[in-house]
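In: have a look at this prediction, sequence included:
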Amino acid sequence: MTDVESQELLARFETDGFVRLPGFLSAQQVAEAKDNLDRFIAERVPDLPQQHVFYEDKSRPETLKQLQNLHTYDPYFGQLTVGSRFEELATLLMLDRAVAQNLQYFNKPAGVGKPTPVHQDGFYFMLTPCVAVTMWLALEKVNEENGCVRYVPGSHRQGMRPHDRTDTLGFSQGISDYRETERTAEVMMPAEPGDLLVHHALTIHRADGNHSTTRSRRAMGFVYFGQSARIDDERRAAYQEKLTREMKAAGKI
């Protein structure tokens, strides 16, 4: 990426709160990522902590919907996250040194994948200042049918919105005062395998459920905090403990 391209990308990100980079990974790199995910799921998932593995229906392994902290469990995913093109891009867009926090696996299984409630990632991160980005890498074709991401342009400049409890596993909080004008302003972001979406931690976004009976919606999510950001550790730990109890009681983990 040239200096001019970098500055154009940064300008779009600062204006809209999100950018799309088509073909960020090649077809070969996407195939490699999917192979390593399949290996990881088969070999490592049975031994992972329950709070890092989410299912739509725990009694059905094929409904696996989310994995947390892949980069801490496996060298392949560690190299993909730390000291990588993803980290370099995060540093550019945040204007701050990127510090890797999480590599997640996301899926909306065919026919059962639930909607993702409208939210801001920063509500979960509990940062001061809220300097962070999430990167969403498509591993399969994603469109309106199987639940593509929808953004509200410029919403990252409006601060943190109030959130309330939701019933969606993995996205336990959603914006409580979402307005119809914002829903009308949403930008739908279909993606091809290897396309990368990047959004600011305050950018409002959501996704529909998977209405396809044959197609899944597999993706990976990279989370980076700016070096200047500070976490409210006590508040975050209390929230995670409460959430784990609730999910366990509901039979979701």
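Out: Arrived safely.
In: quick one, helices of the stretch 101-250 of the chain?
Out: All helices of the stretch 101-250 of the chain, identified by DSSP state H, counting those that start in this stretch, fall at 121-125, 180-185, 233-249.
In: who touches N210 in this structure?
Out: N210 sits next to 108-113, 145-147, 216-217 when contact means CB atoms under 8 Å, 6 or more residues apart in numbering. (Glycine included, C-beta is placed from N, CA and C.)
In: tell me the most buried of the helices of the stretch 101-250 of the chain?
Out: Ranked by mean neighbour count, these are led by helix 121-125 with a mean of 20 (mean count of other CB atoms under 10 Å).
In: contacting residues around that helix?
Out: By CB under 8 Å, 6+ apart, helix 121-125 touches 101, 130, 132, 134, 160-161, 163, 173, 199, 201-203, 223, 225, 229, 231.
In: give me that answer again for 6 Å
Out: 130, 132, 134, 163, 173, 201-202 (CB atoms under 6 Å, 6 or more residues apart in numbering).
In: closest to F18 out of those residues?
Out: T134 (9.5 Å; CB to CB).
In: rewinding a little: which of the contacts of N210 tops the neighbour count?
Out: Of all these, the highest neighbour tally under other CB atoms under 10 Å goes to K108, namely 28 neighbours.
In: that one contacts R217, doesn't it?
Out: Yes: using CB atoms under 6 Å, K108 is in contact with R217, at 4.1 Å.
In: who touches both of the two?
Out: 147, 210.
In: comparing the helices of the stretch 101-250 of the chain, which yields the minimum mean pLDDT?
Out: Note on the helices of the stretch 101-250 of the chain: lowest mean pLDDT is at helix 233-249, with a mean of 74.
In: hey, C-alpha coordinates of that one in CSV?
Out: C-alpha atoms of helix 233-249 as CSV (Å, rounded to 0.1, in the frame of the first residue of the first chain):
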residue,chain,number,x,y,z
ASP,A,233,-10.1,-4.4,34.8
GLU,A,234,-12.3,-4.7,37.8
ARG,A,235,-15.5,-3.8,35.9
ARG,A,236,-14.6,-6.0,33.0
ALA,A,237,-13.8,-9.0,35.3
ALA,A,238,-17.2,-8.6,37.1
TYR,A,239,-19.0,-8.4,33.8
GLN,A,240,-17.3,-11.5,32.4
GLU,A,241,-18.0,-13.5,35.6
LYS,A,242,-21.7,-12.6,35.6
LEU,A,243,-22.0,-13.3,31.8
THR,A,244,-20.4,-16.8,32.3
ARG,A,245,-22.8,-17.7,35.1
GLU,A,246,-25.8,-16.6,33.0
MET,A,247,-24.7,-18.6,29.9
LYS,A,248,-23.9,-21.7,31.9
ALA,A,249,-27.3,-21.5,33.6
